[in-house]
Every structure is written in structure tokens, then in C-alpha cells.
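> Prediction below, plus the sequence it came from.
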Amino acid sequence: MLNYLWGGMIIVGLIVGAINGRLMEITNAAIDSSKEAVTLCVTMLGIMSMWTGLMKIAEKSGLIDMLSGKLAPVLRYLFPDIPRDHTAFKHISTNFIANILGLGWAATPAGLKAMEELQSLNPSKDAASKSMCMFMIINMSSLQLVTMNILAYRAQYNSANPSEIIAPGIITTILSTIAGVMFCKIAERRSWE
């Protein structure tokens with residue numbers, strides 16, 4: 001679907017450019033954007049490597065397990081259907097910790113493993129369980145305190161203060177996560193009635 005959307009936008013852009021006699025500008029913009037994309041990818045690769053490496057160190061040092069233990073009461077409230085010592089909790093907490101630090105690329109493998117574990121607990125294999133829905137909603141609520149991607153983009157484009165978005169980001173993520181959890185809990189109660 002997205003391929004058709006992007007392809008359609010490119011075709012419309014080319015047609016409008018041809019009608020306005022600006023095909024040369026479109027060609028130059030495409031070349032410049034390609035160069036800029038490669039530069040941005042190299043910048044992001046460095047940041048991603050550093051944070052993914054730090055997550056691996058945190059995992060091997062036991063920091064993830066310690067933080068998972070601290071998150072346990074919250075996770076038990078959010079996911080009451082999961083048995084107490086199930087491995088899904090470890091994957092969920094690793095995903096949450098990586099997301100909170102703004103490391104979406106490090107959170108994705110843990111999120112996939114968490115969904116796999118939640119599916120193994122799911123009695124109805126053709127529909128998402130309450131825990132799966134809660135996990136997905138929290139992930140979509142922008143659960144992050146430090147937005148590393150945006151900081152990297154802002155630094156790449158020479159922002160005077162790339163980190164000025166941290167406070168608004170924290171406020172936004174807290175509000176959106178609370179709204180997501182409230183929605184999910186209300187939906188769970190209504191499904192029981």
C-alpha cells in the first residue's frame with residue numbers, strides 16, 4: 001500500500017514539475033536528497049551502534065534484569081494475564097527500557113520476542129489477547145524519554161540546541177502513554193461486561 005502511495009506522490013510531483021517547467025530542479029533535488037540520505041544514514045549508524053552496544057552491555061552486566069525487577073509491579077498491573085515468572089516479562093521490560101531511552105531500533109527485537117511469547121499464552125490464536133493489545137498500545141504511545149533519532153536529526157541539520165525538545169518530549173510521552181493505558185483498561189472492562 002505504501003509503495004503505491006509513495007509511487008503516486010513521485011509521479012504527481014514529476015507531472016506537476018513537467019507542467020511548470022521545473023524538471024531540472026526536481027532532478028537536482030533528487031540527487032541532493034540522495035546524498036543527504038546517505039549522510040544521514042552514516043550519522044544514524046554511529047548513534048545506533050553506540051546505543052545498541054550500550055544496551056548489550058546493560059544486558060550482560062545485569063542492569064536490564066535489575067531494571068526489569070523494578071518494573072515488575074508496573075508490568076503485573078499492566079499485564080495481569082501473564083504468569084508471574086514468564087519470559088514475556090523480560091522481553092517486555094527490555095522493550096520498554098530501550099523505548100524509554102529512545103532506542104527504537106534496539107527495542108524492536110525485544111518487542112517481537114515479547115509478542116511471540118504473548119502469542120504462546122494466547123488461548124485464541126486468531127485474535128490478539130488483552131496483553132498483546134496493551135503491549136501494542138503502549139509501544140504506539142511513543143514511550144520514550146530521550147528521543148535519540150530526533151536529536152540526531154536536529155544535530156545533523158545544525159540545530160542551535162538539538163536537546164531543547166527533551167522536556168516537551170517527556171511531557172508528551174507521559175500524557176500519551178497514560179491515555180493509551182487508560183483506553184486499554186477501559187476497553188478491557190467493557191469487554192468483560
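Thanks, I have it. Keep in mind it's a predicted model, so treat the numbers as computed, not measured.

> which SS state does Pro80 fall under?
Under DSSP: H, G, I helix; E, B strand; the rest coil, Pro80 falls in the coil class.

> burial of it, as a residue count?
By the criterion of other CB atoms under 10 Å, Pro80 has 11 neighbours. In this view, the C-beta of every residue, glycine as well, is placed from N, C-alpha and C.

> After the helix or strand of the chain with the lowest mean pLDDT, which helix or strand is next?
Counting by mean pLDDT, DSSP states H and E, the weakest-scoring helix or strand in the chain turns out to be helix 148-156, with a mean of 76. Later in the chain than helix 148-156, the nearest helix or strand by DSSP states H and E is helix 166-192.

> Okay, angle between that following helix and helix 148-156 too, please.
Helix 166-192 runs at 150 degrees relative to helix 148-156, counting by axes from the mean of the first three to the mean of the last three CA atoms, to 10 degrees.

> can you map out the strands along the protein?
Taking DSSP state E, the chain contains no strands at all.

> Centre-most residue in it?
Geometric centre of the chain, nearest residue: Gly104, 4.4 Å, by CA atoms, centre = their mean.

> Would you mind measuring from the residue nearest to that one when sequence neighbours are not counted to Gly53?
Nearest residue to Gly104, sequence neighbours excluded (CB to CB, 6 or more residues apart in numbering): Asn149, at 7.0 Å. With distances taken as CB to CB, to the nearest Å, Asn149 is found 17 Å from Gly53.

> These two: which is more packed in?
With neighbours defined as other CB under 10 Å, Asn149 and Gly53 compare such that Asn149 has more, 15 against 11.

> The more buried one contacts Leu101, correct?
No. Between Asn149 and Leu101 there is no contact under CB atoms under 8 Å: 11.5 Å.

> related to what we said a few turns ago, can you name every helix or strand that the least confident helix or strand of the chain contacts?
Using 3 or more CB pairs under 8 Å, 6 or more residues apart in numbering; DSSP states H and E, the elements in contact with helix 148-156 are helix 23-61.

> The helix it packs on vs helix 148-156, what angle?
Going by the same axes, to 10 degrees, helix 23-61 makes 130 degrees with helix 148-156.

> In helix 23-61, which residues are buried?
Across helix 23-61, burial judged by 16 or more other CB atoms under 10 Å covers 26, 44, 47-48, 51, 55, 58-59.

> and what of stretch 111-121?
Buried residues in stretch 111-121, defined by neighbour count with 16+ other CB under 10 Å: 111, 113-115, 117-118.

> so what pLDDT did the residue of the chain positioned farthest from its centre get?
With distances taken as CA atoms, centre = their mean, the residue sitting farthest from the centre of the chain turns out to be Gly21, at 40.7 Å. Turning to Gly21, the model gives it a pLDDT of 87.
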